[in-house]
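Asks: Could you work out the structure for the sequence below:
(2 chains)
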Amino acid sequence: MKKILVAAIAVIGLTAPFLSQPRAQELPRRLGGENGPRRATEAKRAAPKLADGTVDLSGIWTGGGDAPIPRLLGKEKLDALMLPWAKQKMASLKEADDPYFYCMPGGPLRITGGFAWRLVQHPSEHAKYIFMLQEGNAHSFRQIFMDGRKHPDDPSPTWFGHSIGRWEGNTLVVDTVGLNDRFWLDSAGTPHTEQLHLIERYTRTDYNTLQRVVTIDDPGTFTKPFEVTYTAKLGEPNSEIIEYFCIENNQWGDRSNTDATAPSIPIAK
Amino acid sequence: MKPGVLVFGLALSALAVRVSAHHSWTAEYDAKKPVTVKGVVSKVEWTNPHTHFYVDVTDAAGKVTTWNFEMASTPALERGGWSRKTLPVGTPVIVEGFAGRSVAERAIVTSFKGADGKEFFVPKLGN
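Replies: Numbering: from 1, shown residues only, chains lettered A, B, ... in the order given. This next block holds a predicted model:
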């Protein structure tokens, strides 16, 4: 009994500092923390359902697309999947050339945990659309058609492509084509072509957790389709997306001006 | 050594700074050049992708050098309890960070203190 009591006190002691809300005036330096919304801390319970029988995925989420593919798969496994040109291209890339740093959209896969995003089912029941409103990096949105329409025959390639969704049980399946090849698929610069086809499976595995399993299919880049899994976490109940325009004052790429106060306007590559 | 600008030895603990989501800060800033600057806030850019706090440092001869210190985004700072008025122009501050690779005075913040030594929350750079 005494041991249990000591353990309980130890757990409370270790946890308590993380429960309080940070305030600039009172917090010491903290490096390496998360910058996105604070995560919901409610007890583990089942994902909520809507009256139409579908799962309610709406809310503020954080993360769900951070980790670079080589880290998720293992570099050797990714290398084995890539066609020679892709391997060559990836090896030649410099991190500083990532279009993301020039405030260009990161494409559908990249959702960084430092930003919030809101999923909206519209209407909330028997949704015809699902919107993903993204705070970062290009302060943009994804539009997923839920009304049963098909992809256009020959869509013009865009940064987020053409997305259609459907329910498979409790899982939202989003199918995306019509993507351009101007964004980096991930922060490691894993290459892709306009033949990229993504199938995302979103499952709210518990109240606070949204699992995202993505099949990446691009015969122009990879020898066969493969899967990566990400996890998004629910934000605190009162969290919101906040305005963030990356292009406003981006000083990336122009560090050579000896006048440290000079503004810079980087040009997207 | 210039008054007000002390370049310390390698701060090992500071090397634990994680790669950020918007930028890899090590491409722009030199982890081998930690700096400590005592000065006065001369301009606040409450902007994105990152905020910038300009700090004027006056040396013994009266020469003023303006440092451009980069901080995280406005959403990250707001979630950390900051507002655009947390450190207004004219506030004396002590800033620790790393010098820019191209221009030392284009630097990144790792610690922000008021003249009284009170620390302000510094989110990781990047978003």
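Asks: and A:D154, how many neighbours does it have?
Replies: 7 (other C-beta atoms under 10 Å in any protein chain shown). The C-beta positions use only the backbone N, C-alpha and C, and glycine is treated the same way.
Asks: Look up phi and psi at it.
Replies: phi -140, psi 70 (degrees, to the nearest 10).
Asks: same deal with A:E76?
Replies: Note on A:E76: its backbone torsions stand at phi -60, psi -40 [degrees, to the nearest 10].
Asks: what's the distance between it and chain B?
Replies: A:E76 sits 22 Å away from chain B, going by C-beta to the nearest C-beta, to the nearest Å.
Asks: Ignoring the adjacent residues along the chain, who's closest to A:A80?
Replies: Distances taken as C-beta to C-beta, 6 or more residues apart in numbering or on different chains place A:T223 nearest to A:A80, at 7.8 Å, with adjacent residues excluded.
Asks: Give the full set of residues in contact with the one you found.
Replies: A:A80, A:L81, A:M82, A:L83 (C-beta atoms under 8 Å, 6 or more residues apart in numbering or on different chains).
Asks: residues in contact with the third one?
Replies: Counting by C-beta under 8 Å, 6+ apart, A:M82 makes contact with A:M90, A:P191, A:T221, A:F222, A:T223.
Asks: Would you mind measuring from the residue lying closest to A:G178 once chain neighbours are set aside to A:A80?
Replies: Of all residues not flanking A:G178 in the chain, A:P155 sits nearest, at 3.2 Å (C-beta to C-beta, 6+ apart). When distance is defined by C-beta to C-beta, to the nearest Å, A:P155 is 31 Å away from A:A80.
Asks: how about A:F145, what does it touch?
Replies: Counted by C-beta under 8 Å, 6+ apart, A:F145 has contacts A:K128, A:Y129, A:S163, A:I164, A:G165.
Asks: I'd assumed the third one was in a helix, is it?
Replies: Just to be clear, that refers to A:S163. No. When DSSP: H, G, I helix; E, B strand; the rest coil is applied, A:S163 is found to be strand, with no helix at that position.
Asks: That one against A:M146, yeah?
Replies: No. Applying C-beta atoms under 8 Å, one finds A:S163 not in contact with A:M146, separated by 9.7 Å.
Asks: Give me the neighbour count for A:T158.
Replies: Neighbour tally, A:T158, other C-beta under 10 Å: 13.
Asks: quick one, helices of chain B?
Replies: B:25-28, B:74-79 (DSSP state H).
Asks: looking at those helices, which is buried most?
Replies: Neighbour counts (mean count of other C-beta atoms under 10 Å in any protein chain shown) averaged over each of the helices of chain B peak at helix B:74-79, with a mean of 24.
Asks: CA-only coordinates of it in CSV, if you can.
Replies: The C-alpha trace of helix B:74-79 is given here as CSV (Å, rounded to 0.1, in the frame of the first residue of the first chain):
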residue,chain,number,x,y,z
THR,B,74,2.3,34.5,-34.3
PRO,B,75,0.1,31.4,-33.7
ALA,B,76,2.9,29.6,-31.8
LEU,B,77,3.6,32.7,-29.7
GLU,B,78,-0.1,33.4,-29.0
ARG,B,79,-0.6,29.8,-27.9
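Asks: and it, average pLDDT?
Replies: For helix B:74-79, mean pLDDT rounds to 90.
Asks: so how far is that helix from its chain's centroid?
Replies: 16 Å (C-alpha atoms, centre = their mean, to the nearest Å).
Asks: Does that helix reach chain A?
Replies: Yes. Residues of helix B:74-79 contacting chain A under C-beta under 8 Å from any C-beta of the partner chain: B:T74, B:P75, B:A76, B:L77, B:E78, B:R79.
Asks: The fourth one against B:F120, yeah?
Replies: So the one you mean is B:L77. No. Contact between B:L77 and B:F120 fails when scored by C-beta under 8 Å: they sit 9.6 Å apart.
Asks: For the stretch 101-250 of chain A, give me the ranges with low pLDDT.
Replies: Within the stretch 101-250 of chain A, no stretch has pLDDT under 70.
Asks: pLDDT value on the closest residue to A:Y207 other than its chain neighbours, please?
Replies: Computed as C-beta to C-beta, 6+ apart, the closest residue to A:Y207 that is not its neighbour in sequence is A:R45, at 4.8 Å. On the pLDDT scale, A:R45 is placed at 90.
Asks: sorry, back to before: now do the contacts for the residue nearest to A:G178.
Replies: A:G161, A:H162, A:V177, A:G178.
Asks: let's go with 10 Å and repeat that
Replies: A:G161, A:H162, A:V177, A:G178, A:L179, A:E194 (C-beta atoms under 10 Å, 6 or more residues apart in numbering or on different chains).
Asks: Make JSON lines from those and add neighbour count to it.
Replies: Formatted as JSON lines, the contacts of A:P155 follow (neighbours: other C-beta atoms under 10 Å in any protein chain shown):
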{"residue": "A:G161", "neighbour count": "21"}
{"residue": "A:H162", "neighbour count": "20"}
{"residue": "A:V177", "neighbour count": "18"}
{"residue": "A:G178", "neighbour count": "18"}
{"residue": "A:L179", "neighbour count": "27"}
{"residue": "A:E194", "neighbour count": "16"}
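Asks: All the strands of the chain, in order from the start?
Replies: You didn't pick a chain, so chain A it is. A:59-63, A:116-122, A:129-134, A:141-145, A:162-168, A:171-177, A:197-206, A:209-217, A:226-234 (DSSP state E).
Asks: actually it's chain B I care about, not the one you picked
Replies: B:5-6, B:29-45, B:52-58, B:64-70, B:92-100, B:106-114, B:119-120.
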